[in-house]
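**Student:** Here you go, sequence then predicted model.
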Amino acid sequence: MNNNDIELSWFKSSYSSGEGGMCVEVAATADTVHVRDSKNLHGSRLAFSIRQWDAFIDRLTAEEFGA
């Protein structure tokens, strides 16, 4: 089974605007976080392990709060 065969529940980022700008959606499974462009639902997707995603979010948070 590949990532395209999995039924995912997608959520639009709270930072995405409704004005056609840069919008992403994410969907999580037990061990993977999937990311796609909300304007191109059938286009390429990225998939990250939970550990990779946590490291990414930690880095974003550190930069946002100056840590």
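**Tutor:** Perfect, I can see it now. Residues are numbered from 1 along each chain as shown.
**Student:** Quick one: distance of stretch 46-66 to the chain centre.
**Tutor:** Centroid displacement of stretch 46-66 relative to its chain, using CA atoms, centre = their mean, to the nearest Å, is 11 Å.
**Student:** List the buried residues for it?
**Tutor:** 47-48, 53 (16 or more other CB atoms under 10 Å). For glycine as for every other residue, the C-beta is placed from the backbone atoms N, C-alpha and C.
**Student:** Inside strands: which ones of the residues you listed?
**Tutor:** By the criterion of DSSP state E, membership of the buried residues of stretch 46-66 in strands covers 47-48.
**Student:** could the buried residues of stretch 46-66 be laid out in TSV, adding distance to C23 and pLDDT?
**Tutor:** Converted to TSV, these look like this (distance: CB to CB, whole Å; pLDDT from 0 to 100):
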residue	distance to C23	pLDDT
A47	18	96
F48	18	97
W53	18	94
